[in-house]
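Q: Quick one: sequence plus predicted model below, questions after.
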Amino acid sequence: MTVSAKLVKELRDRTGLGMMDCKKALGETNGDIEEAITYLRKKGMAKSAKLAGRIASEGTIVSYVHGGRIGVLLEVNCETDFTGRNDNFQALAKDIAMHIAAAKPRFLSREEVTQEILDKEREIAREQTLASGKPEHIVDKIVDGKMNKFFEENCLLEQYWVKENKKTIQDVVNEATLSIGEKITIRRFARYELGEGLEKRVDNFAEEVAKQAGGA
């Protein structure tokens with residue numbers, strides 16, 4: 001069955017789990033919230049849900065630079081300073097920073113996408129769908145699918161893990177939460193690419209040689 005975004009949000013609010021986990025649980029239980037919660041508990045995710053309400057203000061800020069051309073700063077939070085200094089936690093943060101360098105997320109989650117961007121992307125998706133000749137009565141459904149694809153490609157938590165593309169970054173965080181036994185969250189990140197946003201200079205080598213020859 002098709003699971004509405006409203007149902008997914010309600011289950012996320014009640015469990016504190018990731019969007020993909022909630023969507024899958026609702027799909028497996030025909031959209032029944034209570035059954036979905038039971039399903040998640042049976043899958044061993046109840047502990048993660050209980051941890052969701054805790055405060056995670058410790059953690060680490062890691063940096064990653066790739067080839068001198070791409071740089072990432074990332075803050076990952078946990079509950080205790082001890083965990084923040086743990087080698088496994090540090091390795092997880094570094095791996096996520098490397099993922100950010102490779103996957104180019106624009107936002108942390110879909111909640112960070114502004115209404116202006118959402119409206120623009122939905123308008124583009126609708127025009128593309130209509131131009132393809134699809135029947136009017138299925139246009140909105142196709143547009144919703146395109147928007148989900150937009151979130152999957154541009155929101156870090158919904159991107160598929162570059163190291164294992166069957167998991168999302170949210171899945172990776174959930175697994176780490178269960179493994180470590182503390183609430184773990186990705187708070188923020190910044191990605192820099194050398195020359196990004198600048199006008200690129202186009203060298204005319206023939207002209208350069210001519211100038212050098214003229215000055216000789």
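A: Here it is on my side, so go on. Residues are numbered from 1 along each chain as shown.
Q: switch to C-alpha atoms for all contacts and neighbour counts from now on
A: Will do.
Q: what about the chain, any weak spots by pLDDT?
A: Counting by pLDDT under 70, the chain contains low-confidence ranges at 1, 16, 44-53, 200-216.
Q: what about whichever strand or helix holds Phe82, distance to the chain center?
A: Secondary structure here is read from DSSP states H and E; on that basis Phe82 sits in helix 81-84. Helix 81-84 has its average C-alpha position 24 Å from the chain's average C-alpha position, going by C-alpha atoms, centre = their mean, to the nearest Å.
Q: same thing with stretch 159-166?
A: Stretch 159-166 has its C-alpha centroid displaced from the chain centroid by 11 Å (C-alpha atoms, centre = their mean).
Q: and this protein, what are its domains?
A: Using automatic domain parsing, the domain parsing of the chain gives 1-53, 55-113+155-195, 114-151.
Q: Adding mean neighbour count, write those out as CSV.
A: As requested, the domains of the chain are arranged in CSV below (neighbours: other C-alpha atoms under 10 Å):
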stretch, mean neighbour count
domain 1-53, 17
domain 55-113+155-195, 18
domain 114-151, 14
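Q: Check which helices and strands the helix holding Phe82 sits against.
A: Applying 3 or more C-alpha pairs under 8 Å, 6 or more residues apart in numbering; DSSP states H and E, we find helix 81-84 packed against strand 58-66.
Q: contacting residues around the strand it packs on?
A: Contact partners of strand 58-66, identified using C-alpha atoms under 8 Å, 6 or more residues apart in numbering, comprise 71-81, 83-85, 90, 93-94, 97-98, 101.
Q: Give the full set of residues in contact with the residue nearest the centre of the chain.
A: In the chain, the residue lying closest to the centroid (C-alpha atoms, centre = their mean) is Leu156, at 1.5 Å. Contacts for Leu156 were tallied using C-alpha under 8 Å, 6+ apart; they are Ile100, Pro105, Arg106, Phe107, Leu108, Ser109, Ile169.
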